[in-house]
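Asker: What shape does this take:
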Amino acid sequence: MGGTTSRGYPYPTSSDPAVVNADIQALASAINNDVTAILGGQQTFNVFNYGAVGNGVADDTAAIQAALDAAHTYGLSIAPGYGTVVIPPGSYKITAGTRMIVRSNVIIYARGAYIFKATGATIGILANFAVTDSFPVYTGNSHIRVIGGIWDAQAQNVAANNTFDTMTFNHCSDIQVLDAQFRNTAADHALEFNSTNWGIAHNCWFYGFRDTTAGLTRQFSEAIQIDVAVSGSWSIGPFDGTHSQNIFVTDCYAGAAIDGSGLGVYGKLVGSHTTASGGQYSNINVVANTCDGSLDVGIGAYNWQNSVIANNIVVNTGSHGIRATIPDPTVVGFNALPANMVISGNTVFNATGVGIEVLGFSATATLRTVKVSSNTIDTCTSTGIFCQVTQGANVSDNEIWAPGSNGVNFSGVQYGLMANNRAWHPGSNFGFFLGQATTGSGTFNSTDCQVMDNIAMLGAAATSGIRLSTGVTGCLVSGNTVRKDGGAQTIAVSCAAGAATTSTVDGNDLTGFGDAVATITVSSGTINKTFPATTNIGRNLG
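Answerer: Numbers count the residues shown, from 1 in each chain. Down below sits the predicted model:
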């Protein structure tokens with residue numbers, strides 16, 4: 001042994017294979033001692049002590065599994081403590097047809113380690129269950145930490161129609177995946193929290209996705225999926241409809257491959273696409289992440305309640321930027337009424353579709369009390385913010401630049417608020433729109449909404465600043481500013497007949513459109529007056 005590094009690690013100086021092997025074992029022991037100290041003296045299980053080689057050639061599956069099993073036995077013996085598996089820096093090949101199992105009370109410490117699937121993989125790298133296991137609700141293998149490591153599913157070397165999660169947790173609680181990197185996911189998900197209570201993905205990177213299905217049917221796949229225990233969603237039971245809850249996805253990144261594999265982007269950074277009757281995903285927090293490209297939406301909240309999507313950056317999506325929706329009862333056969341969603345402080349750029357979309361389907365299948373606030377949406381091909389069949393939607397303080405259609409659209413919204421938003425140069429239609437929504441469950445009107453203190457800056461392609469369309473009743477339009485910027489519009493606010501006779505348009509600044517009487521048009525009827533006036537449009541400034 002020739003000497004030590006600045007941290008006291010020995011390094012080899014001989015080319016003799018026997019000496020080198022002894023030096024590697026000494027280095028592993030030194031790292032093991034250091035990690036033990038860092039982790040507060042907890043018992044550690046170094047995979048080298050179980051026969052791992054870490055040279056990228058030898059198959060290290062059995063050795064790592066032996067360390068995982070030993071750590072689990074020890075962790076249970078001192079519960080609520082942990083047994084810690086140390087995977088030192090190195091390259092570890094995992095058998096193509098075998099997945100490692102991590103059970104309760106285990107920490108996997110893998111900083112600097114590269115763990116990859118052998119060519120022709122048919123299953124992922126790590127799960128908290130065996131295929132013969134069955135755990136109800138959240139009673140499966142729990143209290144697990146994965147810290148660091150590069151986890152590579154090698155999707156570029158996976159045969160067609162083989163799909164699998166790289167790392168998955170089912171029927172469990174208290175799962176943390178920290179500072180890990182996932183590469184080259186094969187059609188399903190890099191990381192799945194299925195029927196999980198208290199799951200954390202923090203400071204993780206997701207690079208490279210390949211839809212290995214013959215028909216490219218997995219374009220919606222999430223890098224991080226938040227899932228439910230139902231048949232078809234995963235392979236072990238019971239399929240008791242247990243939804244994941246208390247999930248935190250923070251400071252993560254998803255994008256294309258960085259290792260030369262040539263693989264593209266994921267369907268989504270994070271989301272759900274399956275649910276079950278009688279439950280919702282609850283307390284989901286998606287905060288301060290970056291989605292750099294997606295095949296589908298950037299973030300997809302499906303049947304989430306009491307949840308927050310905040311301060312994320314979502315760019316270059318194949319569909320909408322952020323979507324919050326629920327099951328369509330005409331498709332799934334049941335109603336869901338989740339409530340309380342906050343979508344705030346996000347930046348959405350270059351979305352192919354709507355910037356932020358909130359979808360309900362009927363009075364008994366809707367997402368109630370949604371707040372969409374302080375977001376910046378720049379250059380989406382459709383509406384900036386679209387809300388359909390919701391109750392109590394609050395859309396406020398958003399900046400919307402160059403949407404392909406309306407700035408903000410309320411369709412079938414009850415008791416909604418549009419306040420202090422700025423819509424710049426809608427590509428067509430209107431700055432702010434209220435109207436009907438027709439779903440498989442019927443036609444729904446926008447009623448009792450307030451449109452207040454917004455600014456619409458109209459370019460040449462827009463029709464007017466504010467539109468109250470068919471089916472709008474009992475709404476107030478007040479304190480708004482509409483301006484022309486290179487357009488030749490003659491109408492600032494337009495109303496359908498029913499909206500004109502039941503809603504109030506008053507106190508708006510429509511400077512630049514000429515006489516106030518001419519700036520507001522109705523199909524027929526008159527707009528309600530809130531103050532005596534010689535015209536039928538209240539006290540708007542023309």
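Asker: Please work out how many residues are found near G90.
Answerer: The burial count assigned to G90 is 20, neighbours taken as other CB atoms under 10 Å. Placement of C-beta: from N, CA and C, glycine included.
Asker: again, but for I236
Answerer: 19.
Asker: Shouldn't D23 be within a helix?
Answerer: Yes. Assessed with DSSP: H, G, I helix; E, B strand; the rest coil, D23 lies in a helix.
Asker: which residues touch F164?
Answerer: By CB atoms under 8 Å, 6 or more residues apart in numbering, F164 lies in contact with A121, T122, I123, G124, A153, A186, A187, D188.
Asker: Identify those among those residues that sit within helices.
Answerer: Members of the contacts of F164 lying in helices (criterion: DSSP state H): none.
Asker: mind putting those residues in a markdown table, distance to T212 included?
Answerer: Formatted as a markdown table, those follow (distance: CB to CB, whole Å):
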| residue | distance to T212 |
| --- | --- |
| A121 | 10 |
| T122 | 11 |
| I123 | 13 |
| G124 | 13 |
| A153 | 10 |
| A186 | 5 |
| A187 | 4 |
| D188 | 9 |
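Asker: can you list the weak-confidence ranges in this structure?
Answerer: Across the chain, the ranges flagged by pLDDT under 70 are 1-15, 18-22, 25, 28-42, 515-518, 523-542.
Asker: Tell me the strands beside the strand or helix carrying V315, with direction?
Answerer: Using DSSP states H and E, V315 falls within strand 313-317. Strand 313-317 sits in its sheet next to strand 290-294 (parallel), strand 347-349 (parallel), going by DSSP bridges.
Asker: coming back round to it: just the buried members of the contacts of F164?
Answerer: A121, T122, I123, G124, A153, A186, A187, D188 (16 or more other CB atoms under 10 Å).
Asker: Roughly how far does the closest residue to the third one other than its chain neighbours sit from N184?
Answerer: Spelled out, that is I123. Among residues not flanking I123 along the chain, R99 sits closest, at 4.6 Å (CB to CB, 6 or more residues apart in numbering). Note on R99: its distance to N184, by CB to CB, to the nearest Å, is 16 Å.
Asker: Please say which of the two ends up with more neighbours.
Answerer: It is N184, of R99 and N184, that has more neighbours when counted by other CB under 10 Å, with 27 against 24.
Asker: Restricted to strands, list the contacts of F164.
Answerer: Members of the contacts of F164 lying in strands (criterion: DSSP state E): A186.
Asker: and which of the contacts of F164 is nearest to G232?
Answerer: D188 (12.4 Å; CB to CB).
Asker: pretty sure that closest one is touching S221, no?
Answerer: Yes. Because the distance of 5.9 Å satisfies CB atoms under 8 Å, D188 is recorded as touching S221.
Asker: The residue lying closest to Q245 once chain neighbours are set aside bridge partners, please.
Answerer: In space, and not counting its chain neighbours, Q245 is closest to S282: 4.3 Å by CB to CB, 6+ apart. Beta-bridge partners for S282, by DSSP bridges, are Q245, Q305.
Asker: I'd guessed S282 sits against H243; true?
Answerer: Yes. Between S282 and H243 there is a contact at 7.1 Å, judged by CB under 8 Å.
Asker: quick one, which of these two is more surrounded?
Answerer: H243 (26 against 18).
Asker: residue contacts, that one?
Answerer: Going by CB under 8 Å, 6+ apart, H243 touches S195, V228, T275, A276, G279, Q280, Y281, S282, N303.
Asker: burial of the last one, as a residue count?
Answerer: For N303, the tally of surrounding residues (other CB under 10 Å) stands at 24.
Asker: Skipping its backbone neighbours, what lies nearest it in space?
Answerer: Nearest to N303 is T275, by CB to CB, 6+ apart, at 4.3 Å.
Asker: Tell me the spacing between that neighbour and Q450.
Answerer: 32 Å.
Asker: So which of these two has more stuff around it?
Answerer: T275 (24 against 17).
Asker: Checking the more buried one next. Helix, strand or coil?
Answerer: coil.
Asker: residue contacts, it?
Answerer: V228, H243, Y281, Y302, N303, P327, V332, A336 are the contacts of T275 under CB under 8 Å, 6+ apart.
Asker: Could you do K268 as well?
Answerer: By CB under 8 Å, 6+ apart, the neighbours of K268 are F220, S221, E222, A223, C291, S294, D296, V297, G298, I299, G300.
Asker: one more time with 6 Å
Answerer: E222, S294, D296, V297, G300 (CB atoms under 6 Å, 6 or more residues apart in numbering).
Asker: mind listing the helices for the chain?
Answerer: 17-38, 61-77, 329-332, 497-502, 516-519.
Asker: For the spatially closest residue to V314 that is not a sequence neighbour, give its distance to E222.
Answerer: Nearest in space to V314, with sequence neighbours left out and distances taken as CB to CB, 6+ apart, is G298 at 3.5 Å. Distance, G298 to E222, by CB to CB: 10 Å.
Asker: more crowded one of the two?
Answerer: G298 (33 against 29).
Asker: Does that one touch I313 like I think?
Answerer: No. Judged on CB atoms under 6 Å, G298 makes no contact with I313 at a distance of 9.0 Å.
Asker: shared neighbours of those two, which are they?
Answerer: Joint contacts of G298 and I313 (CB under 6 Å, 6+ apart) do not exist.
Asker: Identify the bridge partners of M418.
Answerer: Beta-bridge partners, per DSSP bridges, of M418: V395, V451.
Asker: Counting neighbours, what do you get for it?
Answerer: If we define neighbours as other CB under 10 Å, then M418 has 33 of them.
Asker: Please name the residues that touch it.
Answerer: Per CB under 6 Å, 6+ apart, neighbours of M418: V395, V408, F432, V451.
Asker: PyMOL command to pick out the buried ones of these?
Answerer: Remark: buried members of the contacts of M418, expressed as a PyMOL selection using 16+ other CB under 10 Å:
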select buried, resi 395+408+432+451
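Asker: what would the contacts of M418 look like in JSON lines with distance to Y253?
Answerer: Listed next are the contacts of M418 as JSON lines, based on distance: CB to CB, whole Å:
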{"residue": "V395", "distance to Y253": "28"}
{"residue": "V408", "distance to Y253": "29"}
{"residue": "F432", "distance to Y253": "34"}
{"residue": "V451", "distance to Y253": "37"}
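Asker: of all the contacts of M418, which comes closest to T364?
Answerer: Looking across those and measuring by CB to CB, the closest to T364 is V395, at 22.9 Å.
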